[in-house]
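# no sequence on this one, just coordinates:
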């Protein structure tokens with residue numbers, strides 16, 4: 001069992017930056033591929049960024065490439081999402097997600113979500 005708790009969201013002006021953190025409790029954090037998803041009002045949840053077990057591989061949605069960076073610190077059971085050059089269309093609830101390779105599920109555990117609002 002893994003519990004995921006996000007922090008770092010809030011209100012930021014267009015062009016600004018935020019850093020989201022997600023701390024995992026439970027065992028074997030390094031056994032999970034970690035991702036950030038987001039869901040904007042009236043839209044489906046979408047994957048934003050994914051990082052492999054030890055951080056060697058990252059993938060990003062086209063809409064956030066070159067602006068967002070995902071990273072992880074396995075010693076601290078934490079995954080981060082650095083968001084730069086934020087746009088109003090980045091406004092959404094952001095979710096941390098954990099997937100164990102081979103589980104057969106897209107996501108095994110979800111965080112509770114955290115609001116990010118980009119507005120002047």
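Done, it's in. Bear in mind the structure is a predicted one, so any value in this text is a computation, not a measurement. Residues are numbered from 1 along each chain as shown.
# tell me the pLDDT of the residue nearest the centre of the chain.
In the chain, the C-alpha nearest the mean C-alpha coordinate belongs to residue 36, at 2.3 Å (CA atoms, centre = their mean). Residue 36 carries a pLDDT value of 98.
# pretty sure it contacts residue 97?
Yes - applying CB atoms under 8 Å as the test, residue 36 and residue 97 come out as touching, 7.3 Å apart. (Glycine included, C-beta is placed from N, CA and C.)
# show me the shaky parts of this protein.
For the chain, no stretch has pLDDT under 70.
# 80 - rerun?
26-27 (pLDDT under 80).
# strands of that one, start to end?
2-7, 10-12, 18-26, 33-39, 46-51, 58-60, 68-73, 78-83, 92-99, 109-110, 114-118 (DSSP state E).
# just checking, what packs against the shortest one?
Applying 3 or more CB pairs under 8 Å, 6 or more residues apart in numbering; DSSP states H and E, we find strand 109-110 packed against strand 2-7, strand 92-99.
# Provide the strand pairings for the first one, with the direction of each partner.
Spelled out, it's strand 2-7. strand 18-26 (antiparallel) (DSSP bridges).
# relative to strand 92-99, how tilted is the partner strand?
40 degrees (axes from the mean of the first three to the mean of the last three CA atoms, to 10 degrees).
# so for strand 18-26, what gets flagged as buried?
18, 20, 21, 22, 23, 24 (16 or more other CB atoms under 10 Å).
# between which two of those residues is the distance greatest?
18 and 24 (19.9 Å; CB to CB).
# closest to residue 14 out of the helices and strands packed on strand 109-110?
Per CB to CB, nearest to residue 14 of those: strand 92-99, 14.6 Å.
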